[in-house]
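Q: Have a look; sequence and predicted model below, questions after that.
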Amino acid sequence: MTIDFHTHIFPEKIAARTIEKLENIAHVKAFTDGREESLVRSMEEAGVGLSVVLPVVTRPEQFATVNRFAQQMNEKYEGSRPRLLSFGGIHPDAPDYKAELRAIRNMGLLGIKLHPDYQETYFDDLKYMRILSYAAELGLVSVVHAGIDIGFPNHVRCTVERIRKVVDQVKPQKMVLAHYGGFGLWEEVEELLAGQDVYLDTAYTFGFIEDEAFLRILKKHGAKKVLFATDSPWSGQKESKAHLKSMGLGKEIVDGILGENAGRLLGIS
């Protein structure tokens, strides 16, 4: 089964204006309109069996609403093919981060999404370190936006150097660094992060990183710690899958990246 480890959708009533706003900020064009049914249709066309949906809590008071939406989505798609599987979200300024992480686990959500730029917090801030450490204790997967966000290119809160500091100090388990370890900072990723005990996803990577650089990082890091991801609606699932398959990797490596690695991390088959 192909698993897309990094996708986004928005509630029906705000999807259109949210996509328009983000397109204008980042000066890009989305591949879908950001609605749930559009992601499912994209999955059917691309042969993707499961998409992990990653919500971002941009204000602490959004916690209950965002995670209730995630829980309801998981209940709706349980046992379905194709299937959507939403993670939860938490803000670094959470009034009681331990209680909120326990609530996420008790809702049956398998992980959390952190976005230092949208949450206006540097990644090596103690608030993030504590969240990552306790999330690992609870067995939750943590997905982190890494590197440059094209909507905020001049202020990078999750640099490779900050990531490496967190890895060295916290040694977080089950941490996934989006955008292949750091969007637009792949030389630093190859030097400082490749080979560390973290996962890298391929979200919004193909077409931006040179294939040669992608393959060097893959070889140094190990293919079993790389997860197929698109950042849908910002990359096409069909197009991203085709790009990976065109790179001359063996079937075992491709199958691992497309789904087997993610399945092991999530504890699903």
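A: Nice, I can see it.
Q: so where is the chain shaky, pLDDT-wise?
A: Counting by pLDDT under 70, the chain shows low-confidence ranges at 269.
Q: so what's Lys113 up against?
A: Leu54, Pro55, Val56, Phe87, Gly88, Gly89, Val143, Val144, His145 (CB atoms under 8 Å, 6 or more residues apart in numbering). C-betas here are computed from N, CA, C, even on glycine.
Q: now the helices for the stretch 51-200 of the chain?
A: 63-77, 97-106, 126-137, 160-170, 186-188 (DSSP state H, counting those that start in this stretch).
Q: Would you mark the buried spots in the second one?
A: Translated: helix 97-106. Residues Tyr97, Glu100, Leu101, Ala103, Ile104, Arg105 are the ones in helix 97-106 that count as buried (16 or more other CB atoms under 10 Å).
Q: Okay, strands next: where are they in the stretch 151-269 of the chain?
A: 175-177, 199-201, 226-227 (DSSP state E, counting those that start in this stretch).
Q: In CSV: the helices of the stretch 51-200 of the chain, plus distance to Ser232.
A: What follows is those, written out as CSV (distance: least, CB to CB, whole Å):
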stretch, distance to Ser232
helix 63-77, 15
helix 97-106, 23
helix 126-137, 24
helix 160-170, 24
helix 186-188, 21
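Q: Please save the CA atoms from stretch 164-180 in PDB.
A: Extracted in PDB, the C-alpha atoms of stretch 164-180 (Å, rounded to 0.1, in the frame of the first residue of the first chain):
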ATOM      1  CA  ARG A 164      20.600  18.900  15.100                       C
ATOM      2  CA  LYS A 165      20.700  20.600  18.500                       C
ATOM      3  CA  VAL A 166      17.300  19.100  19.400                       C
ATOM      4  CA  VAL A 167      18.400  15.600  18.000                       C
ATOM      5  CA  ASP A 168      21.500  15.700  20.200                       C
ATOM      6  CA  GLN A 169      19.900  16.900  23.300                       C
ATOM      7  CA  VAL A 170      16.500  15.200  23.300                       C
ATOM      8  CA  LYS A 171      17.100  12.200  21.000                       C
ATOM      9  CA  PRO A 172      13.400  12.200  20.100                       C
ATOM     10  CA  GLN A 173      11.900   8.900  19.000                       C
ATOM     11  CA  LYS A 174       9.600   8.700  16.000                       C
ATOM     12  CA  MET A 175      10.400  12.200  14.800                       C
ATOM     13  CA  VAL A 176       9.800  12.900  11.100                       C
ATOM     14  CA  LEU A 177      11.500  15.900   9.500                       C
ATOM     15  CA  ALA A 178       9.300  17.100   6.600                       C
ATOM     16  CA  HIS A 179      10.700  18.300   3.300                       C
ATOM     17  CA  TYR A 180      13.600  15.800   3.300                       C
END
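Q: just how off-centre is that stretch within its chain?
A: Relative to its chain's centre, stretch 164-180 lies at 13 Å (CA atoms, centre = their mean, to the nearest Å).
Q: Out of the buried residues of helix 97-106, which is nearest to Pro172?
A: For the buried residues of helix 97-106, the closest approach to Pro172 (CB to CB) belongs to Leu101, at 12.8 Å.
Q: I'd like to know how far the closest one sits from Leu110.
A: 12 Å (CB to CB, to the nearest Å).
Q: Common neighbours of those two, please.
A: With CB under 8 Å, 6+ apart as the test, Leu101 and Leu110 both reach Leu140.
Q: what about Val254, neighbour count?
A: 18 (other CB atoms under 10 Å).
Q: Check Glu161 too.
A: 14.
Q: Verify the stated contact: it with Leu192.
A: Yes - counting by CB atoms under 8 Å, Glu161 sits close enough to Leu192 to count as a contact (7.0 Å).
Q: mind checking the end-to-end distance for stretch 155-166?
A: Stretch 155-166 stretches 19 Å from its first residue to its last (CA to CA, to the nearest Å).
Q: Perfect, that will be all.
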